[in-house]
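Trainee: Let's see this in three dimensions:
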Amino acid sequence: MNLVGQTLKGRRERLGMTLTELESRTQIKRQTLTIIENNDFESLNNVNYAEGFIRKYAQAVNIDSVQLIEAHRDEIPNNDETMQQTINAFSQEDKPSYRSKNKEPMQVAIVVCLAVIISALLWIFSVLIF
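Mentor: Sure thing, here's the model as predicted:
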């Protein structure tokens, strides 16, 4: 079975439609159309828009978009194993190695507190001396 991008490209070519014509019909940039035809959906700026692009492209070349979107979902690698590992790590109280705490807010609070304390001490000494 052909990949989604190959199916769309084949239909466009059979209709004798150029990328420029398709670009004007779908309002999708030529670069994005090329990415779709190459089935390189990971190169899109936002992968979540892939189904919308497929739907628009399919409508422009008169193909059932529902079947193509289902085929696209089947082409996406299954990440269930990775998801299950992550769930297990959190449920077993194992902290992920990529977590790090941002210490900048604490540092700012310490600097502000020190500035307030030093200012208060200077004010007290100046009142006592004069």
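
Trainee: Just name whatever secondary elements the helix or strand harbouring residue 21 is in contact with.
Mentor: Element membership for residue 21, per DSSP states H and E: helix 19-26. When contacts are defined as 3 or more CB pairs under 8 Å, 6 or more residues apart in numbering; DSSP states H and E, helix 19-26 packs onto helix 30-37, helix 50-60. No exception for glycine: its C-beta is placed from N, CA and C like everyone else's.

Trainee: Could you measure from the residue nearest in space to the middle of the chain over to residue 105?
Mentor: Nearest residue to the geometric centre of the chain (CA atoms, centre = their mean): residue 46, 5.1 Å. According to CB to CB, to the nearest Å, residue 46 and residue 105 sit 30 Å apart.

Trainee: do residue 116 as well
Mentor: Distance from residue 116 to residue 105, by CB to CB: 17 Å.

Trainee: Spit out the contact partners of residue 17.
Mentor: Residue 17 makes contact with 60, 61 under the criterion CB atoms under 8 Å, 6 or more residues apart in numbering.

Trainee: In three-state terms, label it for me.
Mentor: coil (DSSP: H, G, I helix; E, B strand; the rest coil).
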